[in-house]
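[1] sequence below, structure please.
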Amino acid sequence: MTKTALVTGAARGIGAAIAGRLAAGGWRVVLADRDPRGAATAAGIGAPARFEQTDIADESEVIRIVNVLREREGRLDGLVCNAGIMVRKKLADLTVRDWHRVLATNLTSTFLLARAAEDLLRATRGAIVTIASTRAHMSEPDTESYSASKGGLLALTHALAASLGPDIRVNCISPGWIDTTGGDLRPQDHAQHPAGRVGTPEDVAAMAAFLLGPESGFVTGSEFVVDGGMTRKMIYVE
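    Next up, the predicted model:
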C-alpha cells in the first residue's frame, strides 16, 4: 500500500516543500491550508497530491478533514503539523483574541489532529512531525504569543511521544532562518550562519522525510534544530 501523509500549512513555504519531497518519494500527500493557493501547489506537485482547504484551528474542521482522508485514502502513515501564524505586537497591544488565535493555529491544532488521527496512525505504526521554531529557545521583542506557542509545541511533542508510543513516533523540527520568499539576501545574512548560508524550505523537508521514514525508527520524542548552527553560536558586541 502507498504511504499517505497529511501536511498542514502546505500552500507555500516549508509545508509545500515537505509535501513535494514526500510526493517525490512515492507518498500520497494531502495538503491542508486555509490559503486557496494550496490547490495550485498540489497541482504543481501532481498526482498523487491533493488539496483540502480548511482551518485546522477549528475542531470541527479537523474532524472533517480526517474523516474525508479516512474515506478517500483509507490510511494515514505520516502527519506533519506545520501550520503557523505570527502576531507581532507590543505586549500592551497584544489582545487576548490575538493570543488565542496564534495558540489555536500553532499549538492546539496539533493536539486536535493527533487526537482525531490516532487510530489511523496506530494502524500503520505511523509518525508525527511537528514544526516548531528556534523561538522555542530564544526570542525577539514583541513575539510573546508566537514564542509561547512554539515552546508549547515542543513540550506537546514529547508528551505525545510518551502517550502514543510504541505504535506512533512523534518528533519535532525547530527551523531557524528559512528563506521562504526567495527574496534578495545579503552576503552577511549568509555569513552569520556557521553553515555559511541561510536555510531553505528543502532543508526542513529533508529532515521531515527522514523522521517519517523507516531509518528513524528508533527516534521519538526528540527535537531537531535546523538553523545552520545559529543557536550554538556565541555572539559578542565589539
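[2] so where do the helices sit in this structure?
    13-24, 38-45, 59-72, 96-103, 109-124, 144-164, 187-191, 201-212 (DSSP state H).
[3] okay, which residue is most central for this protein?
    Nearest residue to the geometric centre of the chain (Cα atoms, centre = their mean): Asn82, 2.2 Å.
[4] could I get the contacting residues of it?
    Val7, Thr8, Gly9, Ala10, Ile14, Gly15, Ile18, Ile131 (Cβ atoms under 8 Å, 6 or more residues apart in numbering). Glycine gets a C-beta too; all of them are placed from N, C-alpha and C.
[5] could I get the buried residue list for stretch 146-158?
    For stretch 146-158, burial by neighbour count (16 or more other Cβ atoms under 10 Å) applies to Tyr146, Ser147, Ala148, Ser149, Lys150, Gly151, Gly152, Leu153, Leu154, Leu156, Thr157, His158.
[6] model confidence for Val226, exactly?
    Val226 is assigned 97 on the pLDDT scale.
[7] what sits against it?
    Counting by Cβ under 8 Å, 6+ apart, Val226 makes contact with Ile173, Ser174, Pro175, Gly176, Ile178, Gly199, Asp203, Val204, Met207.
[8] neighbours around Asp35, how many?
    Neighbourhood size, Asp35 [other Cβ atoms under 10 Å]: 16.
[9] for it, give me phi and psi.
    Here is the backbone geometry of Asp35 (degrees, to the nearest 10): phi -80, psi 120.
[10] I figured it hits Arg12, correct?
    Yes - using Cβ atoms under 8 Å, Asp35 is in contact with Arg12, at 7.0 Å.
[11] need the residues touching each of those two.
    Counting by Cβ under 8 Å, 6+ apart, Asp35 and Arg12 have no contacts in common.
[12] before we move on, back to that, export the helices of the chain to a markdown table and append columns for distance to Val30.
    Shown next, in a markdown table, are the helices of the chain (distance: least, Cβ to Cβ, whole Å):
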| stretch | distance to Val30 |
| --- | --- |
| helix 13-24 | 9 |
| helix 38-45 | 9 |
| helix 59-72 | 6 |
| helix 96-103 | 24 |
| helix 109-124 | 11 |
| helix 144-164 | 20 |
| helix 187-191 | 34 |
| helix 201-212 | 14 |
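[13] quick one: closest of the ones you listed to Met1.
    helix 109-124 (8.5 Å; Cβ to Cβ).
[14] which strands or helices does that closest one pack on?
    strand 4-8, helix 59-72, strand 78-81, strand 127-131, helix 144-164 (3 or more Cβ pairs under 8 Å, 6 or more residues apart in numbering; DSSP states H and E).
[15] given the shortest one, what are its sheet partners and their directions?
    What that stands for is strand 78-81. Sheet neighbours of strand 78-81, with direction, are listed as strand 4-8 (parallel), strand 127-131 (parallel) (DSSP bridges).
[16] can you flag the buried ones in the contacts of Val226?
    Buried members of the contacts of Val226, counted by 16+ other Cβ under 10 Å: Ile173, Ser174, Pro175, Gly176, Ile178, Gly199, Asp203, Val204, Met207.
[17] out of those residues, who's nearest Ile63?
    Nearest to Ile63 among those: Ile173, at 25.8 Å, using Cβ to Cβ.
[18] so the closest one touches Val129, yeah?
    Yes - counting by Cβ under 8 Å, Ile173 touches Val129, with 6.3 Å between them.
[19] can you list residues touching both of those two?
    Here Ile173 and Val129 have Ala208, Leu211 as joint contacts, going by Cβ under 8 Å, 6+ apart.
[20] confidence-wise, which of the helices of the chain is weakest overall?
    Ranked by mean pLDDT, these end with helix 187-191 in last place, scoring a mean of 91.
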